[in-house]
Every structure is written in structure tokens, then in C-alpha cells.
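got a predicted structure here, sequence first:
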There are 2 protein chains.
Amino acid sequence: MSQFNNVSVVKQANVYFDGKVTSRTVLFPDGTRKTLGIMLPGDYEFGTDKREVMEILAGELTVLLPGQDQWLQISGTGEFEVPANAKFKLQVKAATDYCCSYLD
Amino acid sequence: MSQFNNVSVVKQANVYFDGKVTSRTVLFPDGTRKTLGIMLPGDYEFGTDKREVMEILAGELTVLLPGQDQWLQISGTGEFEVPANAKFKLQVKAATDYCCSYLD
């Protein structure tokens, strides 16, 4: 059972798209931040501020990364990176569990 | 911004009802456990193992506690307690953010 130790967790959820996408913020002792989230089926567009690494822990979705014309398919687990200040699209087919890391 | 410090967080989500109810487990240094979760609109029945205190951080729902015949209404924030080894029903009207504490 993978877990993050010696962290802080913000109690209140981050809620997007009427609750179809939600996450909790985890703060690490080194000052970095991750979110642990759930996306329910739907089509979404997100914008990044920092560079992000999205680790898919479980789920089924396709991803259109910025500057690409081909959708990346993930079924089960997977990972993709999104540059800072960019937009990306997701088509979520089944409830998807993710961990997003925000990088400098 | 209320947060839990010096805790562990289990990376993988707890997923119920096709993802309409999900939570993350937070483990405290004293050995106690809470879950931070989201419930989307729907009718649910849950069973307890330990005694639980459910703190509603945001949302809109009604609750039928064991042995009661009247539904408790919560809009915004609220709290209710459920005995160990009991069943309770929820009618969730809007995406609801909660913190559940498991007590001995």
C-alpha cells in the first residue's frame, strides 16, 4: 500500500466541473505539492500554471497534450507530463484515480 | 486553510458506487484514521464497522440515522455520528465534501 509519509493534507477538497473532478492537496516537507484526485467520466480541458506530471493510478481515459494531434490512450495505469502555462484535454471513460505533481 | 499536519496519506483512492463516492485515507501519528471524501448526487446506504463522526465540509444532503424515522437535513456544513456496526442512508443533492473520523 503506497502512501506519502510526514506530509500535510488540506482538509477541504478542490472541486471542478460540479464535482466530476475533485482533488485533495498534499504538501511535502520540501515545499513541493501534489494533488490526489478523481475524475469521473466526461470531457475536460485543463490549463497548467506549473509544469505537471500526471500519474494515472487507475482508470481509462484519452489525453490530448498541447501541440499534439493524436490522443494518448491510457487504460489502467500511466503517466504523462504537461508543460507550464499550457492547455490539455481529457476524455475520461471510467472513474480515474490520479496523482498530479507540480514541478518548477 | 485548515489542514492535517504530520500525517500519512494513502495514495490510492477508496472508490464506491462507480466513483460517485470516493475518499482518501489519512493516517495520524496516534494511530487513528480519517477519510477525506466526496459524494456526488445519489442515494446511498453505508454500513459502519467502527463508530464514525461525519463532518460535512460543504454540500447538501439528507441523512437517515439508524433507529430514526426522520431525515436530518444538512445544507452547507454539519456533523453527525453513526454508531459502530450500523447502517445509515444518505440522499446527496449536490457534490458533498466530507471528513469521516473513525473512533474506537
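Perfect, thanks for sending it. Numbering: from 1, shown residues only, chains lettered A, B, ... in the order given.

so residue A:53 touches residue A:84, yeah?
No: counting by Cβ atoms under 8 Å, residue A:53 sits too far from residue A:84 to count as a contact (11.9 Å). For the C-beta atoms, the positions are set from N, CA and C on the backbone; glycine is no exception.

so what's residue A:81 bridging to?
Assessed by DSSP bridges, residue A:81 has beta-bridge partners residue A:53.

and it, how far is that from chain B?
According to Cβ to the nearest Cβ, to the nearest Å, residue A:81 and chain B sit 19 Å apart.

need the contact list for that residue.
Counting by Cβ atoms under 8 Å, 6 or more residues apart in numbering or on different chains, residue A:81 makes contact with A:51-54.

so which of the residues you listed wins on neighbours?
Counting by other Cβ atoms under 10 Å in any protein chain shown, residue A:54 has the largest number of neighbours within the contacts of residue A:81, with 23 neighbours.

next up, the contacts around it.
A:63, A:79-82, A:98-100.

and for residue A:14?
Counting by Cβ under 8 Å, 6+ apart, residue A:14 has contacts A:22-25, A:35, A:37.

tell me how many other residues surround the closest residue to residue A:66 other than its chain neighbours.
Nearest residue to residue A:66 in three dimensions, chain neighbours excluded: residue A:86, at 4.1 Å (Cβ to Cβ, 6 or more residues apart in numbering or on different chains). For residue A:86, the number of neighbouring residues by other Cβ under 10 Å comes to 15.
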